[in-house]
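K.L.:
the following comprises the amino acid sequence and a computationally predicted model.
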Amino acid sequence: MVFFLESRRHQPLGFPRVGWRFSRVFLCLTFLTGVLCSSAKATVGSCPTVISVTPSAGVAGDPVEISGQGFGSQPDALVAWVKSGDTGLFLDIDTAQDSLLQGQVGSAAAPMTGSLEVWKGQAVALPDAVFQEAGGLVAVTETRILLVQSQASGPSFSFLEGSSLAVGSELRDERLELPLEGVLPCPDPSEPKPGITVNIAVRTNGPPGGSGSGGNELRSGPPPGLESVSGQSASTSSGVAWAATFSVTVSKEVGCPPDLNHALAAAFEDRLGSLGLVVEVVGSELVFSHPQGIQEGLVLLNLPP
């Protein structure tokens, strides 16, 4: 029997985690630099503009519409989230037209008010992977990564009712800290349970490597799919932005935290280590860092009821 930590799409491939880290950056992976829509670097027609969000307040599951321009017609090429201080929440986009996005309000741990961000770029779907961690098997599936090319800030949005089924990160000293004490369930090994939705959005100060802080070792290459990304970033003055969603399934041998925490950290690094993301288990927290530092971002888990 297995315990499910889940998110959104599916075919297992074996990617053993041992030996994946090397001191050099995988040079064939190119990064798309996100730029603010007010920037002169933004390409005409490629950069979204946000005019309004309706309603301007709501709770998890409420329908929401975002009006503006330049969204395109592919929901997978967009990420919408609300940035509130050092934390926030995601809006789930179902349909996209050039001037209108429709979806639902996601979950957050507490009420908040923040500014709406819409990120647009190139979506990459990664193959599934299975590897060993914490004495059991970890499978990561349904992975979609968005390499951000442009972004726009919109009006404020208020989240009115927090949920104990959501846990979000906080930004501290250019790292994202995700507290997990008492929030991850301990599964009954005789009965599989529905899982956890994983969402992350990150803007770093630059691509991995170079003279960034931390000096963390990086994997030598990405999972199949990311190496095919084309386009070279002309500038890193606005940093490098990307977002991702994926699902995790662990075997019963992984058991409860802290093993479950280590399995979740390994899943993040399996999917996003080639982008420079480093994830450590520090006590009951997951700590996300990057060699160049994290300017802004959010990690959010939606837990099963």
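P.N.:
Arrived safely.
K.L.:
show me where pLDDT drops low in this protein?
P.N.:
Where the chain drops to pLDDT under 70, the residues are 1-45, 187-195, 209-238.
K.L.:
biggest strand in it, by residue count?
P.N.:
Counting residues, the longest strand found in the chain (DSSP state E) is strand 136-159.
K.L.:
that strand pairs with which strands, parallel or anti?
P.N.:
Strand 136-159 has the following sheet partners, assigned by DSSP bridges: strand 35-36 (parallel), strand 57-58 (parallel), strand 112-126 (antiparallel), strand 129-133 (antiparallel), strand 240-251 (antiparallel).
K.L.:
by contact count, what packs against the helix or strand following that strand?
P.N.:
The helix or strand immediately downstream of strand 136-159 is strand 166-168, counting by DSSP states H and E. If you count contacts as 3 or more C-beta pairs under 8 Å, 6 or more residues apart in numbering; DSSP states H and E, strand 166-168 packs onto strand 87-97, strand 175-179, strand 294-302. (Glycine included, C-beta is placed from N, CA and C.)
K.L.:
tell me how far strand 166-168 is from the chain's mean position?
P.N.:
13 Å (C-alpha atoms, centre = their mean, to the nearest Å).
K.L.:
still on that earlier bit, mean neighbour count added to the helices and strands packed on strand 166-168, as a markdown table?
P.N.:
As requested, the helices and strands packed on strand 166-168 are arranged in a markdown table below (neighbours: other C-beta atoms under 10 Å):
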| stretch | mean neighbour count |
| --- | --- |
| strand 87-97 | 19 |
| strand 175-179 | 20 |
| strand 294-302 | 23 |
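K.L.:
just send these back as JSON lines, with distance to Ala57 too.
P.N.:
As requested, those are exported to JSON lines (distance: least, C-beta to C-beta, whole Å):
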{"stretch": "strand 87-97", "distance to Ala57": "12"}
{"stretch": "strand 175-179", "distance to Ala57": "26"}
{"stretch": "strand 294-302", "distance to Ala57": "19"}
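K.L.:
out of these, flag the one nearest Cys186.
P.N.:
Comparing the helices and strands packed on strand 166-168 against Cys186 with C-beta to C-beta, the closest turns out to be strand 294-302 (15.4 Å).
K.L.:
now for the closest one, which elements pack on it?
P.N.:
Other elements packing on strand 294-302 under the criterion 3+ C-beta pairs under 8 Å, 6+ apart are strand 78-84, strand 87-97, strand 166-168, strand 170-172, strand 175-179, strand 197-204, strand 285-289.
K.L.:
count of neighbours near Gln74?
P.N.:
11 (other C-beta atoms under 10 Å).
K.L.:
now Leu272
P.N.:
26.
K.L.:
and for Glu174?
P.N.:
The burial count for Glu174: 18, using other C-beta under 10 Å.
K.L.:
now the phi/psi pair for it, please.
P.N.:
Main-chain torsions, Glu174, degrees, to the nearest 10: phi 60, psi 30.
K.L.:
please renumber the chain so that the first residue is 3 from this point on.
P.N.:
Sure thing, new numbering starts at 3, so read that last one as Glu176.
K.L.:
can you tell which of the strands paired with strand 138-161 is closest to Pro260?
P.N.:
With C-beta to C-beta as the measure, strand 131-135 is the member of the strands paired with strand 138-161 nearest Pro260 (12.0 Å).
K.L.:
alpha carbons only: can I get that closest one in PDB?
P.N.:
Output of strand 131-135 as PDB, limited to C-alpha atoms (Å, rounded to 0.1, in the frame of the first residue of the first chain):
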ATOM      1  CA  ALA A 131      10.600   9.500 -12.100                       C
ATOM      2  CA  VAL A 132      11.000   6.900  -9.400                       C
ATOM      3  CA  PHE A 133      13.900   6.800  -7.000                       C
ATOM      4  CA  GLN A 134      14.900   5.500  -3.500                       C
ATOM      5  CA  GLU A 135      14.800   7.800  -0.500                       C
END
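K.L.:
residue contacts, Ala268?
P.N.:
Applying C-beta atoms under 8 Å, 6 or more residues apart in numbering, we find Ala268 in contact with 19, 133, 135-136, 140, 281.
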